[in-house]
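A.B. asks: here is the input, now give the coordinates:
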Amino acid sequence: MPAKPKLSINACSLDKAGKITVKKGSRFRIEVMLNPSSYSHSQVIRYDHKDTLGQIATEPRFAAVGAEKVDFELVLDGTGVVDWPGRNAGTGRVKEQVKWLNSIVYEYDGNSHQPNVVRLLWGSFIFFGRLSAMSTKYTLFEPEGNPLRARVTLSFIGFMSKSEERLQANRSSPDLTHRVVVKAGDTLPLLCHQIYQDGSYYMDVARHNGLTDVRRLTPGTTLHFPPLRTD
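C.D. replies: Model prediction:
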């Protein structure tokens with residue numbers, strides 16, 4: 001029976017145009033020891049409510065789509081009971097695991113002077129965002145006081161590149177010319193070039209369609225390419 005995929009957290013970089021690139025290298029990525037038992041994914045739509053004198057009720061007017069949020073809890077174990085690849089990299093102790101996690105999600109990026117944008121990837125779930133809150137509770141200790149186990153609660157707020165924002169703004173467009181059935185030999189950059197005359201939108205289109213592998217497209221799959229905003 002194949003092993004269940006582990007949640008991975010990967011630091012990303014932003015270029016001047018606001019496009020996201022996943023950083024390469026083991027120091028920018030952590031695969032969790034134990035998958036969360038659950039996670040919450042919240043989405044918000046904001047409305048304006050403007051009352052006038054004598055009015056019984058008002059019709060809420062759409063204002064904006066708020067940032068998505070993801071919350072979950074991780075268990076870090078330093079007893080050696082749980083097998084974990086990170087132990088081979090010298091990060092077996094709980095304090096070291098917390099430090100590694102901090103370096104990816106919490107510490108400032110020296111170039112942008114703000115925390116990293118990170119990619120959360122777990123099976124078909126993919127989320128790009130920044131840490132908004134982190135709380136660590138140590139629950140088991142060695143006689144000397146060194147922690148052997150910790151529970152880390154993490155909250156992330158969604159991040160969207162400028163190009164993806166233009167795509168998402170017209171996500172429900174009925175323009176069927178932007179629905180494409182994949183054929184053998186198609187690639188996302190090629191399809192983006194055909195539709196937008198710009199192949200660089202392929203990562204944004206992949207996220208828009210919930211694709212976790214941008215290199216392999218399954219023939220017969222229908223992809224949605226929303227029109228770009230012109231305003």
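A.B. asks: L121 versus C192, what's the distance?
C.D. replies: For C192, the distance to L121 under the criterion Cβ to Cβ, to the nearest Å works out to 22 Å. For every residue, glycine as well, the C-beta is placed using N, CA and C.
A.B. asks: to clarify, my last question referred to I195.
C.D. replies: When I195 is compared with L121 (using Cβ to Cβ), they lie 26 Å apart.
A.B. asks: residues in contact with the helix or strand containing G129?
C.D. replies: Following DSSP states H and E, one finds G129 within strand 125-141. Around strand 125-141, the neighbours that count as contacts under Cβ atoms under 8 Å, 6 or more residues apart in numbering are 12, 20, 41, 67-70, 79, 94, 98, 102, 105-106, 114-120, 147-160, 207, 210, 212.
A.B. asks: can you give me the offset of the following helix or strand past it from its chain's centre?
C.D. replies: Remark: after strand 125-141, the chain's next helix or strand is strand 147-158, criterion DSSP H and E. Offset of strand 147-158 from its chain centre (Cα atoms, centre = their mean, to the nearest Å): 16 Å.
A.B. asks: for stretch 153-161, same thing?
C.D. replies: Taking Cα atoms, centre = their mean, the mean C-alpha location of stretch 153-161 is offset from the chain mean by 7 Å.
A.B. asks: re the thing from before, show me which positions of the strand holding G129 end up buried.
C.D. replies: For strand 125-141, a neighbour-count test (16 or more other Cβ atoms under 10 Å) marks F127, F128, G129, R130, L131, T136, Y138 as buried.
A.B. asks: repeat that for stretch 65-80.
C.D. replies: When neighbours are counted by 16+ other Cβ under 10 Å, the buried residues of stretch 65-80 are found to be A67, E68, K69, V70, D71, F72, L74, V75, L76, D77, G78.
A.B. asks: out of those, which is nearest to Y201?
C.D. replies: E68 (20.3 Å; Cβ to Cβ).
A.B. asks: test my guess that that closest one contacts S42.
C.D. replies: Yes. Taking contact to mean Cβ atoms under 8 Å, the distance of 6.8 Å between E68 and S42 places them in contact.
A.B. asks: coming back round to it: farthest pair in the buried residues of strand 125-141?
C.D. replies: Between any two of the buried residues of strand 125-141, the greatest separation by Cβ to Cβ is 29.7 Å, found for F128 and Y138.
A.B. asks: how far does the longest helix along the chain sit from the chain's center?
C.D. replies: In the chain, assigned by DSSP state H, the helix with the most residues is helix 94-105. When C-alpha coordinates are averaged (Cα atoms, centre = their mean), helix 94-105 and its chain have centres 18 Å apart.
A.B. asks: by contact count, what packs against it?
C.D. replies: For helix 94-105, the contact count by 3 or more Cβ pairs under 8 Å, 6 or more residues apart in numbering; DSSP states H and E identifies strand 8-14, strand 29-31, strand 69-77, strand 125-141, strand 147-158 as packing neighbours.
A.B. asks: what does the helix or strand following it rub up against?
C.D. replies: The element immediately downstream of helix 94-105 (helix or strand, assigned by DSSP H and E) is strand 108-109. The contact list for strand 108-109, computed with Cβ under 8 Å, 6+ apart, reads S13, Q114, P115, N116.
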